[in-house]
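**Student:** Give me a 3D structure for the following:
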Amino acid sequence: MKRQILLSIAFSVLAANAFAASSAYPVVAEGGSDRLIEKRVAEGGADRLIERRVAEGGSDRLIERRVAEGGSDRLIERRVAEGGADRLIERRVAEGGSDRLIERRVAEGGSDRLIERRVAEGGSDRLIERRVAEGGSDRLIERRVAEGGADRLIERRVAEGGSDRLIERRVAEGGSDRLIERRVAEGGSDRLIERRVAEGGSDRLIERRAV
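**Tutor:** Okay, here's the model as predicted:
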């Protein structure tokens, strides 16, 4: 469309130049001079048209190139922007994953410390229970030892008391035996003396009767 407009303008210029030339030089209507002028005018118009087309073509190519470059630039910029956005998104995703990983580790660390604390408290509780049990066992053993000692002391005293009573009984019995023996001995001696006295009196009586 653009080229058709340019061609119509060029033909109009040529027609105007031809009309002006014929009116300016009405006498010069023949010969090689007119043809030469027409040829030069035509060639000049053609040259100008060619130059104009070349210039316009170059301009068109330049515009197209700039448009293409602009589109390319915009495409590059868009890709750069998208690439930056992609990297930004990837970075945020990575940071988000890192944040979640850190939060998970913090949570796990807190859980680990809680478990360790509970284990320590459980161990402490078991240690306290063991000490309480051992303390109760120790007190029970001490009580039994004390009771055993008291029992042995009571038994010893009972035994000593029984022994004392046995000794006293034996002493009493021994004293009684000696007293009885003494009395028996004294009684026998008395009877012997009395017998001898009686026998002596009887002998003297017999002797007296014999005289």
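
**Student:** Could I get the pLDDT score of residue 159?
**Tutor:** According to the prediction, residue 159 has pLDDT 89.

**Student:** And it, which helix or strand is it part of?
**Tutor:** Taking DSSP states H and E as the criterion, residue 159 maps to helix 31-210.

**Student:** Which neighbouring elements make contact with that helix?
**Tutor:** With contacts taken as 3 or more C-beta pairs under 8 Å, 6 or more residues apart in numbering; DSSP states H and E, helix 31-210 sits against helix 2-24. All C-beta atoms are positioned from the backbone trio N, CA, C, and that covers glycine.

**Student:** Flag the shaky bits of this structure, pLDDT-wise.
**Tutor:** Applying pLDDT under 70 to the chain flags residues 1-2, 16-30.

**Student:** Point to the residue nearest the middle of it.
**Tutor:** Nearest residue to the geometric centre of the chain (C-alpha atoms, centre = their mean): residue 109, 2.5 Å.

**Student:** For that one, give its distance to residue 98.
**Tutor:** Note on residue 109: its distance to residue 98, by C-beta to C-beta, to the nearest Å, is 16 Å.

**Student:** Could you check how far the helix holding residue 159 is from the centre of its chain?
**Tutor:** Distance of helix 31-210 from the chain centroid (C-alpha atoms, centre = their mean, to the nearest Å) equals 15 Å.

**Student:** Next one: residue 66 from residue 143, what distance?
**Tutor:** For residue 66, the distance to residue 143 - C-beta to C-beta - is 111 Å.

**Student:** sorry, that was for residue 190
**Tutor:** Shown here: residue 190 relative to residue 143, a distance of 68 Å by C-beta to C-beta.

**Student:** for residue 65, same thing?
**Tutor:** 112 Å.

**Student:** Likewise for residue 91?
**Tutor:** Distance of residue 91 to residue 143, computed by C-beta to C-beta: 76 Å.

**Student:** go on, residue 64?
**Tutor:** For residue 64, the distance to residue 143 - C-beta to C-beta - is 114 Å.

**Student:** Could you do residue 8 as well?
**Tutor:** 135 Å.

**Student:** same deal with residue 100?
**Tutor:** Distance of residue 100 to residue 143, given as C-beta to C-beta: 63 Å.

**Student:** same question, residue 193
**Tutor:** Look at residue 193 and residue 143: by C-beta to C-beta, they are 73 Å apart.

**Student:** Residue 59 now?
**Tutor:** Relative to residue 143, residue 59 is positioned 121 Å away (C-beta to C-beta).

**Student:** Same check on residue 204?
**Tutor:** 89 Å.

**Student:** same question, residue 115
**Tutor:** Per C-beta to C-beta, residue 115 is found 41 Å from residue 143.

**Student:** now do residue 15
**Tutor:** 145 Å.

**Student:** for residue 125, same thing?
**Tutor:** Going from residue 125 to residue 143 by C-beta to C-beta gives 26 Å.

**Student:** Same question for residue 76.
**Tutor:** 97 Å.

**Student:** And residue 12, by the same measure?
**Tutor:** Residue 12 is 140 Å from residue 143, where distance means C-beta to C-beta.

**Student:** Repeat that for residue 185.
**Tutor:** Noted for residue 185: a distance of 61 Å to residue 143, by C-beta to C-beta.
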